[in-house]
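> With the input below, show me the fold.
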Amino acid sequence: AGPRVWGMSRKNLQANTAKHGNLGSKISPETSFRKVERKDFKALVTLKLGFCELRNYSEEAKDKKKQYLLELTEFFSSAGEADTAVRDAVLIHDSVLQSVMNVIEVNLFRALPPRTFDKMIDPEEDDEVFYEDWEFLQVVYEFLLRFLVATAWLEKKQILKKYINMRFVCRILELFDSEDQRERDYCRMILIRIYAKLMRLRGPIRKRVAHIFHDFTYGTGRNNGITALLEVLGGIITGFALPIKEEHKVYLKQVLLPMHKHAELGTIHPQLMYCVTQYVEKDHRLAIPVIHGLLKFWPLVGSAKEVLLLQELEEVLELTQADEFEACIKPLCSRLSSCIGSAHFQISQRALFLWHNEYIASMIANFRQEVFPLLFPALQIAENHWNTQVSDLAANVLKVFIELESELVEQCAEVAMAKTQEMKERMHKRDIAWKTLYEQKEKDEGDKKIQTKRSHKPDERKSMVRESKKFVANNSPESKVTENVPKSTPATSVKIAQSKEKQQKEKSNC
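Coordinates of the predicted model:
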């Protein structure tokens, strides 16, 4: 291809010369826009973009790319009418748009560095991560952002359709997982700009973000860009038209509410709570599925998550109307009762703080006939809580109900006393029943031992007699004597017989 001139191969330089005319030596990528006539702006933009397209990542090349991109960013940001007309005349060419996309792909879309932390980054606890090449990346991000602002009018002519598509958006969404907060902020601004200007991509963007949320909830369990994406989604929900479409309601029920069961809820909760409350603020009828969803994903163990969900529940109840509150009053009060009676003082305290909210307290007062019987046992437990603040809050809540309707409180107290007495009687009967069972068991075991001593089965008797005879025979003195006598072998018995015959013959001869 020959040596590179001004950062470009001679072949590319010849191609650019054929396109834009023979410019000779009066123009190069290093030439400033101020030293070039307006008619040559397109050629100069092409040369600068051509150098930035090169996959050269040396420090010298990065410095030159940074300089050229800053000049192009300034060119895209021109505000005068004449400058805007010249800029638009340059950007409308397909070759320029294609070069811009190539520059973004070469310098921005990359594999992220290895993770510094094994879990999601918590801004309050973990140290911030700063990428070494951020100065260069920031220039590229700023260039892309200014380009999107400058070319917004091209969407009306459908020119950007083949350049900024879902493939481009997905590459941007992958960069949300960056550990550098500054990069995530730029990705968020770019995504907001694309969503606002490109109407045709709104539905696919929401689906792709939902896929990332599902993967976070049910799959990998970590993504550093969840908070930024929730911030983007919060702005999108704010702009929903009324009445809310069914697909947006499904998004709430199947995507956002299940995220409450994630172990890292504390990291994403403020942004997630904002999205959920925006739905209820748009349509108060959605308070019913939201409350049921929060109760469904309520943690069995985890005081920190319970406190967060109580906070979110208060925000939702502030936007709830009386009809929606009545529809979910039983499961809601059952959950509040378990929280008020909790031994963990933060949970009990946060649940009792609901009565500090005037709207929620008034709504509970209107439905006190249904609410108070469910809450009274827990309030009695909280009144005797080990934490003095919790016991004081519970006493104040009881005082409020007494002032509202003392007869109801007395009635509930009588019912509670009757239940307590009934429970004591039931426990006493149970203790007596267990005691009777243990006594009967001991009596049966004693009778069994006596029967085994007094009588045995006939077969067992014979076997015992047989074993006793064997024992006597084996331990008698005769058996011990015979044991000491050596046993005769067949050879010795033959010799004894022969000697006896010989003796008889001698006697007969005599």
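
> what about residue 294, neighbour count?
19 (other C-beta atoms under 10 Å). All C-beta atoms are positioned from the backbone trio N, CA, C, and that covers glycine.

> can you pull out the helices in the stretch 351-500 of the chain?
Assigned by DSSP state H, counting those that start in this stretch, the helices in the stretch 351-500 of the chain fall at 358-366, 368-383, 388-404, 406-454, 458-474, 477-484, 490-509.

> Leaving out the residues flanking it, which one is nearest to the most centrally placed residue in the chain?
Nearest residue to the geometric centre of the chain (C-alpha atoms, centre = their mean): residue 262, 2.9 Å. For residue 262, ignoring the flanking residues on the chain, the nearest one in space by C-beta to C-beta, 6 or more residues apart in numbering is residue 217 at 5.9 Å.

> list the contacts for residue 185?
residue 228 (C-beta atoms under 8 Å, 6 or more residues apart in numbering).

> Now it: which helix or strand?
helix 181-197 (DSSP states H and E).

> Using CSV, list the CA coordinates for that helix.
Output of helix 181-197 as CSV, limited to C-alpha atoms (Å, rounded to 0.1, in the frame of the first residue of the first chain):
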residue,chain,number,x,y,z
GLN,A,181,-18.6,6.0,36.4
ARG,A,182,-17.7,8.7,33.8
GLU,A,183,-18.1,6.3,30.9
ARG,A,184,-21.5,5.2,32.2
ASP,A,185,-22.6,8.8,32.4
TYR,A,186,-21.7,9.4,28.8
CYS,A,187,-23.4,6.2,27.7
ARG,A,188,-26.5,7.3,29.5
MET,A,189,-26.6,10.7,27.8
ILE,A,190,-26.0,9.1,24.4
LEU,A,191,-28.8,6.6,24.9
ILE,A,192,-31.2,9.3,26.0
ARG,A,193,-30.3,11.3,22.9
ILE,A,194,-30.9,8.4,20.6
TYR,A,195,-34.2,7.4,22.3
ALA,A,196,-35.5,11.0,22.1
LYS,A,197,-34.6,11.7,18.5
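
> Buried residues in it, which are they?
Neighbour-count burial for helix 181-197 flags 182-184, 186-191, 193-195, 197 (criterion: 16 or more other C-beta atoms under 10 Å).

> ditto for stretch 393-401
Neighbour counts over stretch 393-401 (16+ other C-beta under 10 Å) mark 393, 394, 397, 398, 401 as buried.

> Excluding covalently adjacent residues, which one is nearest to the second one?
This points to residue 394. Among residues not flanking residue 394 along the chain, residue 382 sits closest, at 3.6 Å (C-beta to C-beta, 6+ apart).

> Next one: the one you found, what pLDDT does it get?
We have a pLDDT of 90 for residue 382.

> same check, this time on the one 4 residues further on
Per-residue pLDDT puts residue 386 at 89.

> can you pull the contacts of it?
Neighbouring residues of residue 386 by C-beta under 8 Å, 6+ apart: 343, 345.

> quick one on the thing from earlier: thinking the residue nearest to residue 262 is in contact with residue 263, fair?
No: if you go by C-beta atoms under 8 Å, residue 217 and residue 263 don't touch, sitting 10.4 Å apart.

> More neighbours: which of the two?
Each of residue 217 and residue 263 has its neighbours counted (other C-beta under 10 Å); residue 217 has more, 17 against 13.

> what are the C-alpha coordinates of stretch 284-303, in CSV please?
Output of stretch 284-303 as CSV, limited to C-alpha atoms (Å, rounded to 0.1, in the frame of the first residue of the first chain):
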residue,chain,number,x,y,z
HIS,A,284,-53.2,5.2,40.4
ARG,A,285,-54.9,1.9,39.5
LEU,A,286,-51.5,0.3,39.1
ALA,A,287,-51.0,0.6,42.9
ILE,A,288,-52.8,-2.8,43.3
PRO,A,289,-50.3,-4.9,41.2
VAL,A,290,-47.4,-2.9,42.6
ILE,A,291,-48.4,-3.6,46.2
HIS,A,292,-49.1,-7.2,45.5
GLY,A,293,-45.7,-7.5,43.7
LEU,A,294,-43.8,-6.0,46.6
LEU,A,295,-45.5,-8.4,49.0
LYS,A,296,-44.8,-11.3,46.7
PHE,A,297,-41.1,-10.6,46.5
TRP,A,298,-40.8,-9.6,50.2
PRO,A,299,-37.6,-11.2,51.7
LEU,A,300,-38.0,-14.0,54.2
VAL,A,301,-34.6,-13.1,55.7
GLY,A,302,-32.8,-9.8,55.3
SER,A,303,-33.6,-6.8,57.5
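
> average pLDDT for it?
On average, stretch 284-303 scores 92.

> quick one: buried residues of it?
285, 286, 287, 288, 289, 290, 291, 292, 293, 294, 297, 298.

> which non-adjacent residue is nearest the first one?
What that stands for is residue 285. In space, residue 285 is closest to residue 324, 6.6 Å off (C-beta to C-beta, 6+ apart).

> hmm, back to that, what's the following helix or strand after the helix holding residue 185?
Counting by DSSP H and E, the next helix or strand C-terminal to helix 181-197 is helix 202-214.

> the inter-axis angle of whatever helix or strand comes next after that next one versus helix 181-197?
Later in the chain than helix 202-214, the nearest helix or strand by DSSP H and E is helix 226-238. Inter-element angle recorded for helix 226-238 and helix 181-197: 20 degrees (by axes from the mean of the first three to the mean of the last three C-alpha atoms, to 10 degrees).

> what's in contact with helix 226-238?
Helix 226-238 is contacted from outside by 120, 173, 176, 184-185, 187-188, 191-192, 195, 206, 209, 212-213, 216, 248, 267-268, 271-272, 274-275, 278-279, 282, using C-beta under 8 Å, 6+ apart.

> Quick one, which of these are buried?
Neighbour-count burial within the contacts of helix 226-238 applies to 120, 173, 176, 184, 187-188, 191, 195, 206, 209, 212-213, 216, 248, 267-268, 271-272, 274-275, 278-279, 282; the criterion is 16+ other C-beta under 10 Å.

> just for the stretch 351-500 of the chain, where's the confidence low?
For the stretch 351-500 of the chain, the stretches flagged by pLDDT under 70 are 449, 451-465, 468-469, 471-500.

> again, 80 this time
By pLDDT under 80, the weakly predicted segments of the stretch 351-500 of the chain are 446-500.

> Check which helices and strands the stretch of helix or strand residue 314 belongs to sits against.
Secondary structure assignment for residue 314, by DSSP H and E: helix 303-318. Judged by 3 or more C-beta pairs under 8 Å, 6 or more residues apart in numbering; DSSP states H and E, helix 303-318 is in contact with helix 265-282, helix 287-296, helix 345-352, helix 358-366.

> mind running it again at 6 Å?
Secondary-structure packing of helix 303-318 (3 or more C-beta pairs under 6 Å, 6 or more residues apart in numbering; DSSP states H and E): helix 265-282, helix 287-296, helix 345-352.

> Could you figure out how far it is turned away from helix 287-296?
170 degrees.

> need the next SSE after helix 303-318, C-terminal direction.
Downstream of helix 303-318, the next assigned helix or strand under DSSP H and E is helix 322-327.

> rewinding a little: wait, the residue nearest to residue 262 touches residue 260, no?
No: counting by C-beta atoms under 6 Å, residue 217 sits too far from residue 260 to count as a contact (9.2 Å).

> Give me the residues contacting stretch 247-258.
Identification of contacts with stretch 247-258 by C-beta atoms under 6 Å, 6 or more residues apart in numbering yields 210, 213, 217, 240, 275, 279, 289, 293.

> Turn these into CSV, including distance to residue 341.
Listed next are the contacts of stretch 247-258 as CSV, based on distance: C-beta to C-beta, whole Å:
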residue, distance to residue 341
210, 38
213, 34
217, 30
240, 39
275, 31
279, 31
289, 27
293, 23
